[in-house]
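Chemist: give me a model of this one.
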Amino acid sequence: MRVAFVSLFTPHHGETPARTRTRRFARLLADRGHRVTWLCAQWWGGDHDAFEEDGITYRRVTREPAPARFVATLPSALRRASPELVHAVNSPPGGAVAAELAGRLLRVPVVVDWWDDRPTDAAGRYRLAARGADAVLTPARTVRTRVWEHGASDDAVTVVPESVDFDAVRDAPVDDRFDLVYSRRIDRHANVETFLLGLAELRGRDWNAAVIGDGPERAAAERTASDLRIDDRVTFLGDLPVAERIPLFRGAHVAAWTATRETFAVDLLRALACGCVGLVEYQAGSSAHELVEGRERSSLVTSPAELAAEITDASALDHRTVDETYAEYDHGAVLETVLERYRSLLNGES
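Modeler: Modelled structure (predicted):
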């Protein structure tokens, strides 16, 4: 299959969750033998208009990441790429809209992978992108609802979650230094304070916890731990590579998630795959609750007091280092969902 990815930016312009997701899809498709072209702004040196890496052919649409120029030049670039299917991203939305228009002319289906809405993007362009796509992929049901609100038809939107390397989970060592973990970038949405307040209610119990991640609110979180007099039992580890996080997840018993905004809680997914009991504070702006709803070993909470109570109850559950029920989130399984949607479009199905 010849697939053209349309994204002005790539991870080479700077890592973001959306760009990482797009690269993962592109790499996995290339690994399966599909011909993958990524139409983007140039990120490599020199005057040549294409660069190949990891089986992906990156083709220059513009030299600089200029959205208006990208939109104007994209149709001719797609014509030269001659794809069977186009996989675009929703932001900046002009690229998706231009890809949809070109797709109609070229008579090829266009899939839009919709990670999240950005406040700097034009809402009108989002409506055009949502309504003009042959299919839309979203990482969570909360995002799917937002795309429906933009005007996409109900049956056009498919939830395709983020994924993990399950073999890496199974093969990783176990680092059992901590009973409880919180892992996320510590920014204004992190809400680490709820986790720490819950821990503070358990001062009389034997536990130790790790906070993994860095960011502008880390110092404030460390002060909160000190003010609550639990700083001797909470270790702030800073940002760690995934290969170092997984052993900590396998060794811990509970993973807490309290962030107020999250498109997809990928580190929570990793912790759940590693057998942690997941305790998630429900937040209207976060999809994290979707990973634990209906799961026997995990719970939703609404306050620090409930979090403390659930941590206590979790002590009665067995410790696990892997949870095979989350194998449906393996990279290969999730990619198959994408391929099924591709095939349905190429076969003329809605």
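
Chemist: what is residue 257 paired to in the beta sheet?
Modeler: residue 280 (DSSP bridges).

Chemist: that one: neighbour count?
Modeler: 29 (other C-beta atoms under 10 Å). From N, CA and C alone the C-beta is placed, and that goes for glycine too.

Chemist: how much space between it and residue 301?
Modeler: 10 Å (C-beta to C-beta, to the nearest Å).

Chemist: again, but for residue 180
Modeler: For residue 180 relative to residue 301 (C-beta to C-beta), the value is 14 Å.

Chemist: more neighbours, these two?
Modeler: residue 180 (25 against 21).

Chemist: was I right about the more buried one contacting residue 311?
Modeler: Yes. In this structure, residue 180 is within contact of residue 311 by C-beta atoms under 8 Å, at 6.8 Å.

Chemist: name the residues contacting each of the two.
Modeler: Common contacts of residue 180 and residue 311 (C-beta atoms under 8 Å, 6 or more residues apart in numbering): 199, 207, 254, 256.

Chemist: in helices, which of those residues appear?
Modeler: residue 199 (DSSP state H).

Chemist: need the shared contacts of residue 180 and residue 311 in TSV (columns: distance to residue 216 and pLDDT).
Modeler: Shown next, in TSV, are these (distance: C-beta to C-beta, whole Å; pLDDT from 0 to 100):
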residue	distance to residue 216	pLDDT
199	22	98
207	27	97
254	26	98
256	21	98
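
Chemist: mind checking pLDDT for residue 296?
Modeler: What the model reports as pLDDT for residue 296 is 89.

Chemist: now it: how far from residue 250?
Modeler: Distance, residue 296 to residue 250, using C-beta to C-beta: 19 Å.

Chemist: ok, those two, which is more surrounded?
Modeler: Ranked by neighbour count (other C-beta under 10 Å), residue 296 and residue 250 place residue 250 first, with 24 against 8.

Chemist: show me the contacts for residue 188.
Modeler: So residue 188 contacts 216-217 (C-beta under 8 Å, 6+ apart).

Chemist: quick one: it from residue 152, how far?
Modeler: 30 Å.

Chemist: what sits in contact with each of residue 257 and residue 301?
Modeler: Common neighbours of residue 257 and residue 301 (C-beta under 8 Å, 6+ apart) are 279-281.

Chemist: closest to residue 94 among those residues?
Modeler: Residue 94 lies nearest to residue 280 out of the shared contacts of residue 257 and residue 301, by C-beta to C-beta, at 35.4 Å.

Chemist: tally of neighbours for that closest one?
Modeler: Residues lying near residue 280 (other C-beta under 10 Å) number 27.

Chemist: and which of the shared contacts of residue 180 and residue 311 is nearest to residue 46?
Modeler: Each of those was checked against residue 46 using C-beta to C-beta; the closest is residue 256, at 47.6 Å.
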